[in-house]
Structure formats: C-alpha cells, structure tokens
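Quick one, structure for this:
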Amino acid sequence: MIKGILFDFDGTLANTNPLILRTLRETFATMLPQRPLSEAEILECIGPTLHETGLIYFPDNPQAFVDHYRHLNLLYHDSMVEPYPGIIEMLDSLKAMGMPMAVVSSKKRDVVERGLRLLGMADYFDFVLGGDEVENPKPHPEPIEVALSALGLAPDEALMVGDNYHDIHAAQNAGVASVAVGWAHRGPEYLAQFHPTYLIAAPQELVEIVTHSRVGAQ
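Numbers count the residues shown, from 1 in each chain. As a prediction, this is how the structure comes out:
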C-alpha cells in the first residue's frame, strides 16, 4: 500500500520550464557568446544539477556559471513560476487522505521553498529536500533515501513523482515505484522510454493510483 509520496518540484508541481529556459539561454548568451547552444543542448541542461552543467561547458570555473544562472533565475522567479492545472486540487485530495508528502529537488532548498510559498503549496509538505543538502544528487538514490527516512517509509511504501529521467532512475535505484508526469516539457513519449512504473496524463490520476493501492490492500 502507498503510504507516502515524493515529488520533484520543477516541471512536476510547478511550471518553471519557461523560467529555466530563459535563464539558461541568457546565461549561455552572456558567458559563451562564441558558441551558441542549440535548443536540444539547452533542453539537456534541464535535470542535471547546475554544477554538473557548469562542469560540461565551463570546466575551469563551473561556479561562475552557477552564480550567473542563480542571479538571473531569482530575478525572474516570482513573475514566471505557476502551478500546473490540477496540482492544487490533487494536493488537497492527497492531504485529505492523510498522505505524508515530501519534495525532493535538485535545486537549492531555499529556492524550492520560495516557490512553494509563492504558489501556496508549502503547507502540503512534511519534508523538503534540496540538492544542496545531499552529497549525491538524483539519479543517485541518496535524495530519495533521505526523504524516505524523514517520512518513516520503506521503499515499497512510496512513490516518486517526476518529470525527467533523473527522477525515474533515482526511484529505480532506490527501489521505489516511479510516476512520470505526462505534462512534462518533453512529453510522455520521451518519458516512456525510461520505463516508469506509472505514466500519468493529469494530476488526478495520481490520486486514483493511491486510492487503488489502498483498496487493494484491504
């Protein structure tokens, strides 16, 4: 039976993709003007940590990339972040079921919490974990294992909900069932190739998955 749910934040709960893409484009345009990146290359930067992306394009000083990105991202943040349709209603339903929930993100915890407060989601979550609080980011299982411990859950009692292959692989590596969200920027066809346990098209389908797990356990 499902007793708790872990969520990614960007692209899963909140539509931050326009913000992320704008920030990436402007950061690369400023810091790497001699080497314009294609849209495909920029899309590949969504998911890995900022430091990992910085190591690829600025191996001599990845922190400079991280700092420039974060400056722009915070500058645009509040005017460009919004919840996906149906997310608040889904969280309401899960909370009413007494479902413990956590956010497991690769971005810094303070920025995640800022987004949660901005969108009125902060009170739904019992635990928030940022990428700056672990040694090994997703797809390593560490972030999920930390969240499971915080919620007092075994791997087979939880779901990991996300919009990218890092979330799916992290779940698989931690022995947790994965839920890929079809409203992700790259779409369900892209996510299906990573073999998530579930692939949903709308937030309410997650409530149905939890409900069915409880009925089946009776």
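
show me the contacts for the residue positioned nearest the centre of the chain.
The C-alpha lying nearest the average C-alpha coordinate of the chain belongs to D8 (C-alpha atoms, centre = their mean; 2.6 Å). Counting by C-beta atoms under 8 Å, 6 or more residues apart in numbering, D8 makes contact with V103, V104, S105, S106, M160, V161, G162, D163, N164, D167. (C-beta placed from N, C-alpha, C; glycine too.)

Adding neighbour count, pLDDT and secondary structure as columns, could you present those in a markdown table?
Putting the contacts of D8 into a markdown table (neighbours: other C-beta atoms under 10 Å; pLDDT from 0 to 100; DSSP: H, G, I helix; E, B strand; the rest coil) gives the following:
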| residue | neighbour count | pLDDT | secondary structure |
| --- | --- | --- | --- |
| V103 | 26 | 98 | strand |
| V104 | 30 | 98 | strand |
| S105 | 29 | 96 | coil |
| S106 | 28 | 92 | coil |
| M160 | 30 | 98 | strand |
| V161 | 28 | 98 | strand |
| G162 | 31 | 97 | strand |
| D163 | 27 | 95 | coil |
| N164 | 26 | 93 | coil |
| D167 | 33 | 96 | helix |
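
now for the strand or helix carrying L55, which elements pack on it?
Under the criterion of DSSP states H and E, L55 resides in helix 50-57. Under the contact definition 3 or more C-beta pairs under 8 Å, 6 or more residues apart in numbering; DSSP states H and E, helix 50-57 sits against helix 62-80.

In the helix it packs on, which residues are buried?
Residues of helix 62-80 classed as buried by neighbour count (16 or more other C-beta atoms under 10 Å): P62, F65, V66, H68, Y69, R70, L72, N73, H77, M80.

got a list of what the closest residue to the second one other than its chain neighbours touches?
In this case it means F65. The shortest distance from F65 to any non-neighbouring residue, by C-beta to C-beta, 6 or more residues apart in numbering, is to G54 (3.8 Å). G54 sits next to N61, P62, Q63, A64, F65, V66 when contact means C-beta under 8 Å, 6+ apart.

Read off the pLDDT value for G54.
With respect to pLDDT, G54 has a value of 96.

quick one: the helix holding L55 to helix 62-80, angle?
130 degrees (axes from the mean of the first three to the mean of the last three C-alpha atoms, to 10 degrees).

Let me see the domain layout of the protein.
4-15+82-216, 17-80 (automatic domain parsing).

Tell me which of those domains sits most buried.
A comparison of the domains of the chain by mean neighbour count, using mean count of other C-beta atoms under 10 Å, puts domain 4-15+82-216 on top with a mean of 19.

hang on, the earlier thing: quick check, pLDDT for the residue nearest to the centre of the chain.
For D8, the pLDDT comes out at 97.

Please tell me how far it sits from D156.
Distance of D8 to D156, given as C-beta to C-beta, to the nearest Å: 20 Å.

Just put the contacts of D8 in a markdown table and tack on distance to I2.
Below are the contacts of D8 laid out as a markdown table (distance: C-beta to C-beta, whole Å):
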| residue | distance to I2 |
| --- | --- |
| V103 | 17 |
| V104 | 16 |
| S105 | 21 |
| S106 | 24 |
| M160 | 11 |
| V161 | 11 |
| G162 | 16 |
| D163 | 19 |
| N164 | 22 |
| D167 | 17 |
